[in-house]
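Q: Okay, here's the prediction I keep looking at, along with the sequence it came from:
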Amino acid sequence: MPAITRDNVYRLYLDFLETAENKRGWSIFNDIPWNELDAARATQTTGQALELFCSEEMYVPDYSSNGLQLVRSMFGMAWFQTRWAFEESRHGLVFREYLTRSGLRSEAEFAALESCVFANLWTLPFATARQMACYGALQEGATYAAYKAQREKAREAGDKVLEAIFFYVGRDEAAHGGFYRALIQLELAQDREGTIADLAYVFSKFKMPGDGLIPNYKERLVSSGAGVTPRVFLEHVVWPVLTTLKIGREELKLALKKLAASTPSNLSPICGRSAARQPRLTS
Ligand SMILES: [Fe+2]
Ligand SMILES: [Fe+2]
C-alpha cells in the first residue's frame, strides 16, 4: 500500500474511533432499559430471529483472527479491525442477554447453540483487503437494513428493550459500513477501474457470513422474518453504496459484463473431459 493511502487509512481510523468514543458509545448495562423487559411480549418468532442474528455475530473469533491476519501490516486497518471486533462482540452479547433474560432460551440451550456455532469455521470469502472492504460495505449495509426493520417491528410490538437494542446495534453497523465506504473511496482514487472490478466481483458472489455456516440459514431467515429481500438489498444497500462512491450503475453493470466475459464457462464439454470447475459468478 503506498504511503499516502497508508496515512489516509490511519486518519480514517482516527475519525472512526473519535466518533465511536465520543458520540456512539453505549453500554449493555446502562443504556438498555432491562427493567422494562416484558417476557410476555417475547414471541418465539422473535427468539428465532434473535438466535440467528446472535449466531452470526458469534463468529467474532473467526472474523477477527482472519481479518487481522489479512491487514496486520497496515496500522489503520489492523486497529480498525480490533475496534470493530469489540463492537461486534457487544452485539452478540446483547442478543444473548435478551434471549436468556426473556426466557426465550435457557443457559443450557445457549450452551448447545455455542457448540453448534463453533463447530464450523468462518474463513475469508475474498482474498484481498480491497475486496474485503467491498464485502464489508455490502455486508454491513445489509445487516443495518435487517436491524432497522427489526427495530421497527419492536417499536410496533411495544418492546422497548428490543427497540433500544436494535437502535444501538444498528447504529454501529451503519458506522462500520461508513468506514468501509470511505476506504473504498481511497481505493477508487488510486485505481478506479480495478476497484470497480473488485466491487463487481464481490457483488456477484455476495452472501451473508452465516450463509453456509449456520444450518438451514436461508430457511431460518425466511421463517423468522430476520432477512431482507433482494429488492431491499439492491435499493437500500447496493444503490446507496454506489451513490456515495459516485459510481454509476452502468459502470457496475459494465464491470459485471467484463467479469462474466473473462470467466470461463462452467459448462462441461459435450464430449471429452470436464472443464476445471470455476466459481459461480451470479448472485
Ligand atoms: Fe454486528
Ligand atoms: Fe458490523
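A: That came through, no problem. Quantities reported herein were computed from a predicted structural model and do not represent experimental measurements. Numbers count the residues shown, from 1 in each chain. Ligands and ions are numbered 1, 2, ... in the order given.

Q: from here on, contacts and neighbour counts on C-alpha atoms
A: OK.

Q: Run through the chain and note the low-pLDDT ranges.
A: 1-4, 265-283 (pLDDT under 70).

Q: Quick one: the helices in it, in order.
A: Along the chain, the stretches classed as helices by DSSP state H are 3-22, 44-57, 60-71, 75-101, 107-118, 129-157, 160-190, 192-204, 217-224, 230-233, 239-245, 249-262.

Q: Using JSON lines, please lay out the ones you listed together with mean neighbour count.
A: Below are the helices of the chain laid out as JSON lines (neighbours: other C-alpha atoms under 10 Å):
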{"stretch": "helix 3-22", "mean neighbour count": "15"}
{"stretch": "helix 44-57", "mean neighbour count": "20"}
{"stretch": "helix 60-71", "mean neighbour count": "17"}
{"stretch": "helix 75-101", "mean neighbour count": "19"}
{"stretch": "helix 107-118", "mean neighbour count": "13"}
{"stretch": "helix 129-157", "mean neighbour count": "21"}
{"stretch": "helix 160-190", "mean neighbour count": "20"}
{"stretch": "helix 192-204", "mean neighbour count": "20"}
{"stretch": "helix 217-224", "mean neighbour count": "15"}
{"stretch": "helix 230-233", "mean neighbour count": "14"}
{"stretch": "helix 239-245", "mean neighbour count": "15"}
{"stretch": "helix 249-262", "mean neighbour count": "14"}
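
Q: so which of those comes closest to Leu37?
A: In this view, the helices of the chain are compared for proximity to Leu37 by C-alpha to C-alpha, and helix 160-190 is the closest at 6.0 Å.

Q: just checking, what packs against that closest one?
A: Secondary-structure packing of helix 160-190 (3 or more C-alpha pairs under 8 Å, 6 or more residues apart in numbering; DSSP states H and E): helix 3-22, helix 75-101, helix 129-157, helix 192-204, helix 239-245.

Q: what's the angle from the first one to helix 75-101?
A: When axes from the mean of the first three to the mean of the last three C-alpha atoms, to 10 degrees is applied, the directions of helix 3-22 and helix 75-101 differ by 30 degrees.

Q: Contacts for helix 3-22 next, please.
A: Met74, Phe75, Gly76, Met77, Trp79, Phe80, Arg83, Ala175, Phe179, Ala182, Leu183, Leu186 (C-alpha atoms under 8 Å, 6 or more residues apart in numbering).

Q: Now flag whichever of those residues is closest to Val222.
A: Out of those, the member with the shortest distance to Val222 (by C-alpha to C-alpha) is Ala175, at 26.4 Å.

Q: what about the closest one, distance to Asp198?
A: As judged by C-alpha to C-alpha, to the nearest Å, Ala175 and Asp198 stand 22 Å apart.

Q: With Ala39 instead?
A: Distance of Ala39 to Asp198, given as C-alpha to C-alpha: 46 Å.

Q: ditto for Tyr63
A: Tyr63 is 20 Å from Asp198, by C-alpha to C-alpha.

Q: hang on, the earlier thing: rebuild the contacts of helix 3-22 as TSV, extending it with distance to Ile28.
A: Below are the contacts of helix 3-22 laid out as TSV (distance: C-alpha to C-alpha, whole Å):
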residue	distance to Ile28
Met74	31
Phe75	29
Gly76	27
Met77	26
Trp79	23
Phe80	21
Arg83	17
Ala175	18
Phe179	23
Ala182	28
Leu183	29
Leu186	34
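
Q: closest to Glu156 among the residues you listed?
A: Of the contacts of helix 3-22, the one sitting nearest to Glu156 (C-alpha to C-alpha) turns out to be Ala175, at 25.1 Å.

Q: For the closest one, which non-adjacent residue is spatially closest?
A: Nearest residue to Ala175 in three dimensions, chain neighbours excluded: Phe16, at 7.8 Å (C-alpha to C-alpha, 6 or more residues apart in numbering).

Q: Ok, Thr195 next?
A: Leu188 (5.7 Å).

Q: again, but for Leu104
A: Spatially, and ignoring its direct neighbours in sequence, Leu104 is nearest to Gly47 (5.8 Å; C-alpha to C-alpha, 6+ apart).

Q: go on, Val117?
A: Excluding its sequence neighbours, the residue lying closest to Val117 (C-alpha to C-alpha, 6+ apart) is Ser55, at 6.4 Å.
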